[in-house]
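> What would the 3D arrangement of this be:
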Amino acid sequence: MRANDPIFARAERGITPQLYTPEERRRRDTSRWTLVQGVLAPIQFLIFLVSLVLVLRYLATGDGAAAATVSIVIKTIALYAIMITGSIWEKQVFGKWLFVPAFFWEDVFSMLVLALHTAYLLALSVGWGTEHDRMLLALAAYATYAINATQFLLKLRAARLQTPPSSIAMAA
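Down below sits the predicted model:
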């Protein structure tokens, strides 16, 4: 399968693969979902930071379980929102809901992030494990989220480096 994939073929020849064709870049730049993603991503990250502090506080002191729990639920809702709108964005830009070649590994890892956050909600709703166990599960979900966010930031940087100078001037 890799042999037929033009992205891998170019990478194996030492050519940096372009993330977007000119038409995909046009669709990306004109899509309202690009703006939605650009707004949701930093909001979700701020929610993550606040929640991380609350979870770590609970794990260190045993205090603040309710606040940490509410923050994890809010973080998970924000994650679902960005995943759903991100899928819509991929469909609009690339013509496929998920797992497009340009974002394949980010999407794969996003599924792990989503699974861990969903496992937390399930454990919370049915009372699996102790509060401490569920906080550790949330911490694992947050670690995968941090890795996934880094993947997307690196991809965003790569996209900016590949954007033709005339496109940058027009976007400014």
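
> alpha carbons only for contacts and neighbour counts from here, please
OK.

> quick one, what contacts Val100?
The neighbours of Val100, taking Cα atoms under 8 Å, 6 or more residues apart in numbering as the test, are 90, 94.

> what does the model give Ala169 for pLDDT?
Predicted confidence (pLDDT) at Ala169: the value is 45.

> end to end, how far does stretch 21-37 reach?
Distances were taken as Cα to Cα, to the nearest Å; on that basis the terminal residues of stretch 21-37 are 20 Å apart.

> Touching that stretch from outside, list them.
Residues from elsewhere that reach stretch 21-37, judged by Cα under 8 Å, 6+ apart: 82, 85-86, 88-89, 92-94.

> Could you list the low-pLDDT ranges of the chain?
1-16, 163-172 (pLDDT under 70).

> What are the boundaries of the strands in it?
For the chain, applying DSSP state E gives no strands.

> need the helices for it, in chain order.
6-12, 22-30, 32-61, 65-94, 104-126, 131-162, 165-171 (DSSP state H).

> Name the residues of the fourth one that come out as buried.
Buried residues in helix 65-94, counted by 16 or more other Cα atoms under 10 Å: 65, 68-69, 71-76, 78-79, 81-83, 85-90, 92-94.

> thinking again about what came up before, adding distance to Phe48, write the contacts of stretch 21-37 out as CSV.
Supplementary listing: those in CSV, determined by distance: Cα to Cα, whole Å:
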residue, distance to Phe48
Ile82, 13
Thr85, 18
Gly86, 18
Ile88, 23
Trp89, 22
Gln92, 27
Val93, 27
Phe94, 28
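
> so how far is stretch 136-149 off the chain centroid?
Centroid separation between stretch 136-149 and its chain, computed with Cα atoms, centre = their mean, to the nearest Å, is 11 Å.
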